[in-house]
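Engineer: predicted model and sequence follow; I will ask about them next.
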Amino acid sequence: MATTSKLLRFVEIEQQTPEKRAATERKRDFDEIYEAFSPDAAATQAGRCSQCGVPFCQVNCPVSNNIPDWLKLTAEGRLEEAYEVSQATNTFPEICGRICPQDRLCEGNCVIEKGFDSVTIGSVEKYVTDTAWEKGWVKPIVPPVERAQSIAIIGAGPGGLAAAENLRRKGYKVHVYDRYDRVGGLMIYGIPNFKLEKDVVLRRAEQFEKSGIVFHLNFEVGRDATLAELRAKHDAVLIATGVYKARVLEAPGAGLENVVKAMTYLTASNRKGLGDDVPEFDSGALDAAGKHVVVIGGGDTAMDCVRTAIRQGAKSVKCLYRRDKKNMPGSQREVANAEEEGVEFVWLAAPEAFVAKAAKAKTKKAGAEPVGAVRAYRMRLGIADATGRQVPEKIEGSSFELPCDLAIEALGFDPEDVPAMFGAPELSVTRWGTLKVNHRTMMTSLDGVFAAGDIVRGASLVVWAIRDGRDAADQIHKFLAAKVKPAAAAAE
Ligand code: FAD
Ligand code: SF4
Ligand code: SF4
C-alpha cells in the first residue's frame, strides 16, 4: 500500500467541484450542466478525505458505499480497483454520482464539512465509473453457475434493475417486464437529460441484455398478463412498479386546456430528446416555447419542470410554492441552478384557481378555453405541526394573478391501485396504497411475491430504489434456496 501522503489533505486543499457550465450557455441545450473532473482534480479532491474510522458519509449513504476505500484508491491513481470497490455495493454508481441529493446524504454528513467543506464524493464516484466505462472495465455479468429457476421482475426502473443485476449474478434466469418501450423507468422518462444524460442509462440497459437478462418491453402487467399468470410461469416475482398517480389540485379551472401534469410534460420532453415522434409536443400543447409558464410545487419534480421550460424557450417561468425557500422539499442545489437559469420563485403563495383566457376576455365558453392566468393567494408560516414543520396559512384578501399559457402541476405522486391493476385483490396494501411487505423478507402478502422501490416506500430516490432492489434480490435468493433444498433432499 502506498503511504497516506496523498490523503488527509482537506486543510491544504480547498473543495473543488467539476466546472458548471454558465447559465447563459447551458439553458440553450439539454446537455448535463457539470463538466467531468480532470484525472488530477479527481485524485486531489479524493485526497481531501480524512479516512475516518467511523465514516459518517458511508453510514448516510443508502447503499452503504465503502466511500473511504474508493476515495483512497482514487487519490492513489488506482482507478480500476476504485471502480471494483464502488460497483460492489451500487448497481449505478455513475447515476448516483450525478443525481443523488448528496447534500442530504453522504456529503452532508462528511465530517470535514464542518469548517472545510465536504469531500466531493458524488463527483468522484461519477468520475471513477465514467472512466471505467471509457476504459472497458464494465463487463457483462458471467454468473459462476447457471440455475434453472426464473424470476419475473415487474418494472425496469432502478429498483427492478438493481434486483435483476444481483439475481443474474447469482445465476438465475431473470425476466423483466415493463409497460414502457425503454429500460430505465423514471431515469429515462422522468428525470431530464440535463441532470442525467439518457445514454448513461441506455448503455447500462444494453449491458444487462448482454448479461442474459431478458426484457419484455411494451408489456403491461394487468393488460398483457395477470399477476397469477406470471406467478405460474416463474419461481418468484418482484413488483417494482414505482408510483405514478399524480396528485391533483382540486381548484376551479383545473380542467382548462394547457393545465397539465408534471409527468405528462416531462415525458413528452424526454421522448422528444430521445428522437421519438411526440404529436402532443409537436402540436405545441406540451412545448413551453414562447409561453408564460407557471409550475406549482416545490419538490425536485417541480425543479425539473421549471428548468425544462427554460430550455424550451419559455417567455417567463414562475414557480409557485406555499412555503418559503428554507422549507422547500426540493434540493437547494437544484433551486440554485434554477435561479441561475432565470426561474422566478414565488414563495409563500398557493394557487386558488386557473383562469381561462376567454374569462379574462369576458367571453362565456370558459370550460373549453385555454388557461390564461393562475390566481393565487399569499401564505404565511404558522405554528409547527406534529412533524415539526410550520403549517402554511392563507392571508385573507391577498389574491393576485400570474399570467400563464401553460400551468404545470407538480404536487407529488401516489401509488396506482396495484391489486386492481394486477387482478390480485389478495395483495395487501397500506393505508397510503403502497404495497405491504414484511420488512425483513420483503415479501408481500402473496407467497413468493416480493416488492421494492417507490411502490413500497412511496415517491423516494433512485439510490433508495437501488438499495431495496439489492436487498430484495438477497431475500429472493434465500427464498428460492430454501425451496430447492427440500426438493434436493427428497430426490436423494
Ligand atoms: P420507477 O423508476 O418509477 O420504475 C417503475 C417501472 O415500472 C417503470 O418503468 C414503469 O413503466 C413500470 N411499470 C409500472 N407499472 C407497470 C405494469 N403494470 N406493468 C409493467 N411495468 C410497469 N431521484 C433521485 O435520486 N434524484 C433525482 O434527481 C430525482 N429526480 C426525479 C425527477 C422526477 C421528475 C421524478 C418523477 C422522480 C425523480 N427522482 C429522483 C425519484 C426517482 O426517479 C424514483 O425514486 C425512482 O426512479 C424509483 O425507482 P423504482 O424502480 O421504484 O420506480
Ligand atoms: Fe453519495 Fe449517493 Fe454515492 Fe451514496 S450513492 S455515496 S449517497 S452519491
Ligand atoms: Fe472521508 Fe468525509 Fe467520509 Fe470522513 S466522512 S471518510 S472525511 S468522505
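Structural biologist: Nice, thanks for sending it over. Numbers count the residues shown, from 1 in each chain. Ligands and ions are numbered 1, 2, ... in the order given.
Engineer: in the stretch 1-150 of the chain, what residue lies closest to ligand 1?
Structural biologist: Of all residues in the stretch 1-150 of the chain, residue 99 sits closest to ligand 1, at 3.9 Å by Cβ to the nearest ligand atom. Yep, even glycine has a C-beta here, placed from its N, CA and C like the rest.
Engineer: that residue contacts residue 195, correct?
Structural biologist: Yes: A contact is recorded between residue 99 and residue 195 when judged using Cβ atoms under 8 Å, the distance being 5.5 Å.
Engineer: show the pLDDT at the residue of the stretch 1-150 of the chain closest to ligand 1.
Structural biologist: According to the per-residue confidence, residue 99 scores 96 in pLDDT.
Engineer: do residue 406 as well
Structural biologist: For residue 406, the model assigns a pLDDT of 98.
Engineer: circling back to that earlier point, check contacts around the residue of the stretch 1-150 of the chain closest to ligand 1.
Structural biologist: Contacts for residue 99 were tallied using Cβ atoms under 8 Å, 6 or more residues apart in numbering; they are 191, 195-196, 462.
Engineer: distance of it from residue 417?
Structural biologist: Taking Cβ to Cβ, to the nearest Å as the criterion, residue 99 is separated from residue 417 by 29 Å.
Engineer: same thing with residue 195?
Structural biologist: As judged by Cβ to Cβ, residue 195 and residue 417 stand 30 Å apart.
Engineer: ok, these two, which is more surrounded?
Structural biologist: Relative neighbour count places residue 195 above the other of residue 195 and residue 417, with 19 against 12, counting by other Cβ atoms under 10 Å.
Engineer: low-confidence stretches in the stretch 351-492 of the chain?
Structural biologist: Residues of the stretch 351-492 of the chain that meet the criterion pLDDT under 70 lie in 359-368, 486-492.
Engineer: tell me which parts of it are close to ligand 1?
Structural biologist: Taking Cβ under 6 Å from any ligand atom as the criterion, the neighbours of ligand 1 within the stretch 351-492 of the chain are 421, 453-454, 460-463, 465.
Engineer: which two of these have the greatest separation?
Structural biologist: In those, two members sit farther apart than any others by Cβ to Cβ. They are 421 and 463, at 26.4 Å.
Engineer: of the two, who's got more company?
Structural biologist: Under the criterion of other Cβ under 10 Å, the comparison of residue 421 against residue 463 puts residue 463 first, with 25 against 17.
Engineer: check the secondary structure at the residue in the stretch 201-350 of the chain that ligand 3 sits nearest to for me.
Structural biologist: Taking Cβ to the nearest ligand atom as the measure, the stretch 201-350 of the chain has residue 333 as its residue closest to ligand 3, at 17.9 Å. Of the three states, residue 333 takes helix according to DSSP: H, G, I helix; E, B strand; the rest coil.
Engineer: grab the nearest non-local neighbour of it.
Structural biologist: Computed as Cβ to Cβ, 6 or more residues apart in numbering, the closest residue to residue 333 that is not its neighbour in sequence is residue 103, at 6.1 Å.
Engineer: who's in contact with the one you found?
Structural biologist: When contacts are counted by Cβ under 8 Å, 6+ apart, residue 103 is found next to 331-333.
Engineer: can you get me a residue count around residue 110?
Structural biologist: 25.
Engineer: start the count at 107 instead of 1 going forward.
Structural biologist: Understood, numbering begins at 107; the last thing we discussed is residue 216.
Engineer: that one is in contact with residue 167, isn't it?
Structural biologist: No: here residue 216 lies out of contact with residue 167, judged by Cβ under 8 Å, at a distance of 10.7 Å.
Engineer: touching, residue 561 and residue 519? I think so.
Structural biologist: No: shown here, residue 561 and residue 519 do not form a contact pair, counting by Cβ under 8 Å, at 10.8 Å.
Engineer: of these two, which one has the most company?
Structural biologist: With other Cβ under 10 Å as the criterion, residue 561 and residue 519 differ in neighbour count, and residue 561 comes out ahead with 29 against 22.
Engineer: now the more buried one: which helix or strand?
Structural biologist: helix 560-563 (DSSP states H and E).
Engineer: by contact count, what packs against that helix?
Structural biologist: With contacts defined as 3 or more Cβ pairs under 8 Å, 6 or more residues apart in numbering; DSSP states H and E, helix 560-563 has these neighbours: helix 568-597.
Engineer: please point out which parts of the helix it packs on sit buried.
Structural biologist: Within helix 568-597, the residues that qualify as buried are 568-579, 581-583, 585-586, counting by 16 or more other Cβ atoms under 10 Å.
Engineer: got it, and stretch 435-446?
Structural biologist: The neighbour-count criterion (16+ other Cβ under 10 Å) identifies 436-437, 440-441, 443-444, 446 as the buried residues of stretch 435-446.
Engineer: need the phi and psi values for the residue in the stretch 207-356 of the chain that ligand 3 sits nearest to.
Structural biologist: For the stretch 207-356 of the chain and ligand 3, the shortest gap (Cβ to the nearest ligand atom) falls at residue 216, measuring 3.3 Å. Taking degrees, to the nearest 10, you get phi -70, psi 130 for the backbone angles of residue 216.
Engineer: OK, contacts around it?
Structural biologist: 162-163, 224-225, 227.
Engineer: how about it: what's its closest non-neighbour residue?
Structural biologist: Leaving aside its sequence neighbours, residue 216 is closest to residue 224 (3.6 Å, by Cβ to Cβ, 6+ apart).
Engineer: now swap in residue 419 and tell me
Structural biologist: Spatially, and ignoring its direct neighbours in sequence, residue 419 is nearest to residue 395 (4.2 Å; Cβ to Cβ, 6+ apart).
Engineer: again with residue 166
Structural biologist: Closest residue to residue 166 in three dimensions, ignoring its sequence neighbours and counting by Cβ to Cβ, 6+ apart: residue 215, at 4.1 Å.
Engineer: I'd say that neighbour and residue 161 touch.
Structural biologist: No: Residue 215 sits out of contact with residue 161 when judged by Cβ under 8 Å, with a separation of 9.0 Å.
Engineer: between these two, who's got more neighbours?
Structural biologist: The residue with more neighbours, out of residue 215 and residue 161 and counting by other Cβ under 10 Å, is residue 161; that gives 23 against 19.
Engineer: please name the nearest non-neighbouring residue to that one.
Structural biologist: Setting aside the residues directly before and after it, residue 161 is nearest to residue 174 in space (Cβ to Cβ, 6+ apart), at 5.0 Å.
Engineer: so the one you found lies in a strand, does it not?
Structural biologist: No: read with three-state DSSP, residue 174 is helix and lies in no strand.
Engineer: low-confidence ranges, the stretch 307-456 of the chain, go.
Structural biologist: Applying pLDDT under 70 to the stretch 307-456 of the chain flags no residue at all.
Engineer: what residue in it comes nearest to ligand 1?
Structural biologist: Proximity to ligand 1, evaluated over the stretch 307-456 of the chain using Cβ to the nearest ligand atom, is greatest for residue 348 at 2.3 Å.
Engineer: find the nearest non-adjacent residue to that residue, please.
Structural biologist: Taking Cβ to Cβ, 6+ apart, and ignoring the residues beside it in sequence, residue 348 has residue 560 as its nearest neighbour in space, at 4.6 Å.
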